[in-house]
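Chemist: here's my sequence, what's the structure:
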Amino acid sequence: MPTWRRLGGALALLLLACSPSRRAASGRVDDLAALLPIAEVNREVGTLDFGTQEAREAMVGGWYPNERAEDGTTYVWSKGEVSELDFFLAAPRDLRLEMRCAPFLAAGLPQVVSVELNGRRLTNLELAPEMRGYAVQLPGTALAAGTNRLAFRYRTVTEPIRENRHQRLAVRWDLLRFVPVHQPAAEAPRAEKGGLYLPFGSEAVYYLELGSGGELALARIERRGAGSGGHLLVTAQAEGGKLARRVLSPGAAATLALPGRGPRLLRVGLRSVPAGSADRGGGLLLAAPAIRSARAPRLALAAAPARPWSGRPNIVLYLVDTLRADRLGCYGETKPLSPAIDAFARGATLFERAVAQATWTRPAVTSVLTGLGPLSHGVQTLDDRLPAAAVTLPEMLQAAGYRTAGFSTNLHVSAATGLAQGFDRFELLPGETRSDAVNRRVTRWLDDSRGKPPFFLYVQTLDPHAPYDPLPEMRRRFAAGVPPGLGATDEIVRTYPMRGEARARRIAQLSALYDAEVAGNDRSFGELLAALKERGLYDSALVVFMADHGEEFDEHGGLGHAINLYSPTLHVPLIVKWPREAEGRRVARLAQHVDLLPTLLAAAELRPPPGLPGTDLYPLAELPAAAPEDTGRAAFSHLSYAERQGMSLVTGGWKLILPLSRRFGRGPELYRLDADRDERDDLSDRDEVRAGWLLARIRRELLLAHPAHAAERVPIDEETRKALGALGYL
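Modeler: This next block holds a predicted model:
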């Protein structure tokens, strides 16, 4: 079950923490008991039973999936030369590490395992051929209060052959135990009426955004359980600052000033530390734990500026499937791939930082047409369908008197997926792989629509989606020398296992074919704009040029899309020509798919439904460039495809990527986008406060998001399966 689906039980507490009653008249009060659901929780775990989900949460990298033997015991094989895991200690002390494991026997070679603790080598163990127990002393001087890391380095690793299921194996792990540590694990912290209970050996860590000042207030620290020892360790650290520590004993109230000045991000840890083994059954109750501070500043949007048009304009939404932003000249591409789009942008409003809500078509377009993120509209997987009860943008415009038409070349946007709702006329054109053919159908519809009420026209073209088969002229200009047929689906599939120079050469050829298809689509878009102008429709219309997602060419080890949440597939072009707009401008502020619905409804003088996450982009575009960036505005994106589940958050020039499944990735990644557009320098270990704060925001989003309507599950029929396979989805 995905992690986010297990978080719902804490929703009421979180809503309480975010309610207006928690705001002080002169500032802000954060109730730490109510905010526990989005805190980072750590606890001492004495036993890791490999093969279970509980153990998996500690395993950082170098492990194959969980397995179960015929006798019911669980285990995990090591993966590659090193396996790593993390474990938490409330306080450092001498421990004994007990392990049960067995080597993979490879041609009689002995297996030697080097055990490292926090980067320090402790010992080498030569393993016996069978499953056996081993013990290693972990000195308290090498351990840390908080998170510790164990690494197991293997002298002998098998080659991936049929006998070992094409895996790189060294050791089969059954059990690992820390002695003496509370068995099997310390209880997790919990919120109680009027307070926060921290069992001994546990910790709750909060990441908060504060204004000026700030203090931690505890009405009382009360000890529970047998024994007489134990204390509360409070740690606090502002982003970029030093870690401050304070030890508090039970029996009194406490008020502590928090480090840092002015608006800042802050990490506050509350750790319940036992005095000895006799205290492990108890804990500390913190009565009314709260953080008080001034409100963090926010950019307030002014009232919507006067618009240079009145009434309800015709609206054209032109969506290019699989077009990454950086292949357009107006977004920085140096090759002449997009002269028509670039000319269009010079007379329109270009959003430089537009983010897709998903990296494949079905959930992304559902976000465009509903104004909701994937966690809310519920369309996340290949067999999810938007239910009829959901209300879409074309339905809202249709109800207001618009005539609506949709032309789609992708099976993910069809009546079968629920995305044809609200269109008076909808044409699915899965065989039309080139946008010039789509144009002919669109222009016929425009001719049939003359003199009728305002219209909403949705056009989704498939080029440059794989397979890559560009126009001959564009192939000669941008992919000369690429062998014929190399862009076919089966050839793309053959690229996946390639490595080294062969892979790099093939990726470059596929990228050139992609460029040629971008150029072909650019020509078609220019021809459509010319058709609008010939019919006297262009100047008064609102025209949107955008993409549903991008495409990766090995920038992060992948080819295609629906594989990760990096910028090649998540950063999309978004260019809006407002009615009567002639002079172009560039907007550096964050924009996203869910902004389209409120933007287009506002342009048509219609009120969007309440509670949507997006905003009208017109007032945002009218803000002066010198106005400060609103760090509260955020773009959440989600991926759930082929067991890869993850979320990302972009806000204030930062981006965090969070795996929600092991197949997606190892751990959170943090990037500063203004200095690292290619997302190469992961800062998650160097700016833990920023990473923790963004992670807490994702946790909050997971808790608060709930499907507005349950997505319908529709099995994929054989004909659709073949068509999706041709597009590389299956």
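Chemist: and the biggest helix by length in the chain, what other elements does it pack with?
Modeler: As assigned by DSSP state H, the longest helix anywhere in the chain is helix 500-534. Here helix 500-534 touches strand 315-320, helix 339-346, helix 435-448, strand 455-461, helix 472-478, helix 489-495, strand 542-547, strand 552-553, going by 3 or more C-beta pairs under 8 Å, 6 or more residues apart in numbering; DSSP states H and E. Quick note: C-beta positions are derived from backbone N, CA and C, even for glycine.
Chemist: in that helix, what's buried?
Modeler: 506-507, 509-526, 528-529, 531-532 (16 or more other C-beta atoms under 10 Å).
Chemist: cool, stretch 111-121 as well?
Modeler: Those would be 111, 113, 115-117, for stretch 111-121 by 16+ other C-beta under 10 Å.
Chemist: state the number of residues packed around the nearest residue in space to residue 577 that is not next to it in sequence.
Modeler: Nearest residue to residue 577, sequence neighbours excluded (C-beta to C-beta, 6 or more residues apart in numbering): residue 348, at 3.7 Å. Applying other C-beta atoms under 10 Å, we find 21 residues neighbouring residue 348.
Chemist: just for the stretch 201-350 of the chain, where's the confidence low?
Modeler: 226-228, 276-280, 298-304 (pLDDT under 70).
Chemist: an error on my part: the question was meant for the stretch 51-200 of the chain.
Modeler: 106-108, 182-185.
Chemist: could you redo the last one with a cut-off of 80?
Modeler: 105-109, 162-165, 181-186 (pLDDT under 80).
Chemist: hmm, back to that, secondary structure for the buried residues of stretch 111-121 - can I get that in JSON lines?
Modeler: What follows is the buried residues of stretch 111-121, written out as JSON lines (DSSP: H, G, I helix; E, B strand; the rest coil):
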{"residue": "111", "secondary structure": "strand"}
{"residue": "113", "secondary structure": "strand"}
{"residue": "115", "secondary structure": "strand"}
{"residue": "116", "secondary structure": "strand"}
{"residue": "117", "secondary structure": "strand"}
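Chemist: now those as JSON lines including distance to residue 377?
Modeler: Below are the buried residues of stretch 111-121 laid out as JSON lines (distance: C-beta to C-beta, whole Å):
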{"residue": "111", "distance to residue 377": "51"}
{"residue": "113", "distance to residue 377": "48"}
{"residue": "115", "distance to residue 377": "48"}
{"residue": "116", "distance to residue 377": "46"}
{"residue": "117", "distance to residue 377": "47"}
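Chemist: which one of the helices and strands packed on helix 500-534 has the most crowded surroundings?
Modeler: strand 455-461 (a mean of 26; mean count of other C-beta atoms under 10 Å).
Chemist: check which helices and strands that strand sits against.
Modeler: Using 3+ C-beta pairs under 8 Å, 6+ apart, strand 455-461 sits against strand 315-320, helix 393-399, strand 403-408, helix 435-448, helix 500-534.
Chemist: what angle do helix 435-448 and the first one make with each other?
Modeler: With axes from the mean of the first three to the mean of the last three C-alpha atoms, to 10 degrees as the basis, strand 315-320 and helix 435-448 are set at 170 degrees to each other.
Chemist: run through who's touching strand 315-320.
Modeler: Strand 315-320 has contacts (C-beta atoms under 8 Å, 6 or more residues apart in numbering) with 365, 368, 397, 402, 435, 454-461, 463-464, 521, 525, 528, 532, 541-548, 573, 596, 600, 603-604.
Chemist: which neighbours in the sheet does it have, and how are they oriented?
Modeler: strand 455-461 (parallel), strand 542-547 (parallel) (DSSP bridges).
Chemist: any chance of these in a markdown table, plus mean pLDDT and distance to residue 77?
Modeler: Formatted as a markdown table, these follow (pLDDT from 0 to 100; distance: least, C-beta to C-beta, whole Å):
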| stretch | mean pLDDT | distance to residue 77 |
| --- | --- | --- |
| strand 455-461 | 97 | 45 |
| strand 542-547 | 98 | 41 |
